[in-house]
Structures are given as C-alpha cells and as structure tokens.
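**Q** Here you go, sequence then predicted model.
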Amino acid sequence: MRLDTSNKVTTMNYKGREKMPWIEKEYNCGNCIIVKKGYASRYGAKKEIAHITNKTTEIQQRVNDRNAMFRYSILANANFKKGDFFITYTFRKSFLPPSVKDCKKLWAKYRRKIRNYYKKLGFEFKYIYAFEHEGVRPHFHMLFNNPGINIADLPQWEFGIAHIECLDDREYHSIGEYFVKIAYDVDNPDCKGKGELGCSRNLYRPEPDIKILEGPNWDDQPEEREGYEIDYDSLENGYVEVIENHLTFRFQTFRYIRLIV
C-alpha cells in the first residue's frame, strides 16, 4: 500500500532547498545495514548534517526519541555480538542508596572496577547502559563486550542481584532501542526524566554512506539487495511536522539483514 503524499510534502518549493537536500544514509553495522531517508536541514561541505534547534515541543520530542533509538540501535549492532554480556544490576532494599545521585556514584565506581579489570587483562571495555529510577526501584542495564573472560571473575556487584544474559547469534539486536525506550519512557510523552542513557567513548561509530536524493519520491517498498533481506518489521514510512515552518517532511527507515550462507 502506498502512502498518500498529496498535499503533505510541501518542502519541494521551500526557499533555499538547494542547500538543504533530501538524503539517504546507510550505516553498515556488520550483520545488518540500517537505512534512513529524510530531509536534512542543512548538509554542509564537510558531509555534516546540522539541525535547527528550537524549544522542544511534544512533536519535536517524538522526533528526538526516534532519532535516539536510531542512534543507539546503530551503536548496539555495530559494537556488540554473540556472547557479549547483557546484565541487569538491581539494588536490595537494605543497600538502596538514599538518592538517585548516590546511585549514579556507585554505578560509576562499579564501571571503573570493570574497566580496570579489563585493562589488567589487556582488553578494552566497551559498553552501553540505561538507568531506570522514576517510579521503580533504581536499577541499571548494561550491554558490554566479552573478549573471552569468565563471567565469574567479573568484579562483584555488592548491592543486589546481577541478572546475567548473553547475546545470541541473531543478525539484529533491539537492545539499543529498548534502552532508549525505558530511559526516556518513549511511550509516555508526558513523563520525561524516567532515567538516562550512557555509553563508553571508545565505541565504534560507523560513518554513514550518504546519497543525495532528488526529493521525497522514494517507493514505500525498499529495493531488494543481493546478499541481504529486508526486515519488514523495521520498515517505517512516516512524516515529521515542523510547526514553526508549517512544513511536513517525509521520512523512511528500515534495515537490511545479512543472509548467512
């Protein structure tokens, strides 16, 4: 089914459009390629996209949440693989710190312990984490690399239970999106500040392959690609409204999954 684009996309006649192109960005994350098509507010000579910042509205917040899920999805899939650790750290009631700030201090101290342990073994420590604390007992989720260590030798979490899982061999993991959803409470736009996100600075951040498009006239159905299959659960055709400019921009996101022969 095709989207009805009549009278919706009005940016084709927007003054200055020659400096603000429609673009397609592809991020190669190894076993999957994540694709995003949309309108860039400005695409500079250095291949950078600059966005105009305004006061955050509910509509803009949804855009920010979607962009955060896209960004953390790329980080999770480009950096972590089968066998890496996904651990949830909880607090026992008797060890629960008196404030969120104190929880963060203990968490930072614990991450330093893991980093030092990895460094001692000659490994890099790479991670993404989400912290939930609003309306729930504070707890942390962390996805981090396993270079081949014994889980029993990790520094002990002394304040509660550590629920340990390992990533399986699927080609795409949704943990990055999940972290954003629980930290930002994406499904409840009236309740922000539920938690926070964080990641290590040494994560690999793939540079996108960028193609300038003539306009928002792409097909709702992405093109097939040899060696990959389209993950139709990830396909989203939609619109972003910019209220202050009275404009509506079309976008499309989806991913290709590598076929394992």
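**A** Structure received. Residues are numbered from 1 along each chain as shown.
**Q** State the distance from the nearest residue to residue 124 once chain neighbours are set aside to residue 126.
**A** Spatial nearest neighbour of residue 124, excluding adjacent residues (C-beta to C-beta, 6 or more residues apart in numbering): residue 202 at 5.9 Å. The C-beta positions use only the backbone N, C-alpha and C, and glycine is treated the same way. If you measure residue 202 against residue 126 using C-beta to C-beta, to the nearest Å, the figure is 6 Å.
**Q** neighbour-wise, which of those two wins?
**A** When neighbours are counted by other C-beta atoms under 10 Å, residue 202 and residue 126 differ, and residue 126 comes out ahead with 21 against 11.
**Q** I figured that one was touching residue 200, is that so?
**A** Yes. In this structure, residue 126 is within contact of residue 200 by C-beta atoms under 8 Å, at 5.3 Å.
**Q** related to what we said a few turns ago, can I assume the residue nearest to residue 124 is in contact with residue 127?
**A** No. Between residue 202 and residue 127 no contact is recorded; they are 9.4 Å apart, counting by C-beta under 8 Å.
**Q** Residue 205 versus the closest residue to residue 251 other than its chain neighbours, what's the distance?
**A** Sequence neighbours aside, residue 38 is the residue nearest to residue 251 in space, at 3.8 Å (criterion: C-beta to C-beta, 6+ apart). Distance of residue 38 to residue 205, computed by C-beta to C-beta: 19 Å.
**Q** Of the two, give the one with the bigger neighbour count.
**A** Using other C-beta under 10 Å, the more surrounded residue of residue 38 and residue 205 is residue 38, with 19 against 12.
**Q** Count residues in the vicinity of the closest residue to residue 80 other than its chain neighbours, would you?
**A** Computed as C-beta to C-beta, 6+ apart, the closest residue to residue 80 that is not its neighbour in sequence is residue 143, at 5.7 Å. Using other C-beta under 10 Å, the number of residues around residue 143 comes to 26.
**Q** Residue 143 should be in a strand, yeah?
**A** Yes. Counting by DSSP: H, G, I helix; E, B strand; the rest coil, residue 143 is found in a strand.
**Q** Endpoint to endpoint, stretch 210-228 covers what distance?
**A** 19 Å (C-alpha to C-alpha, to the nearest Å).
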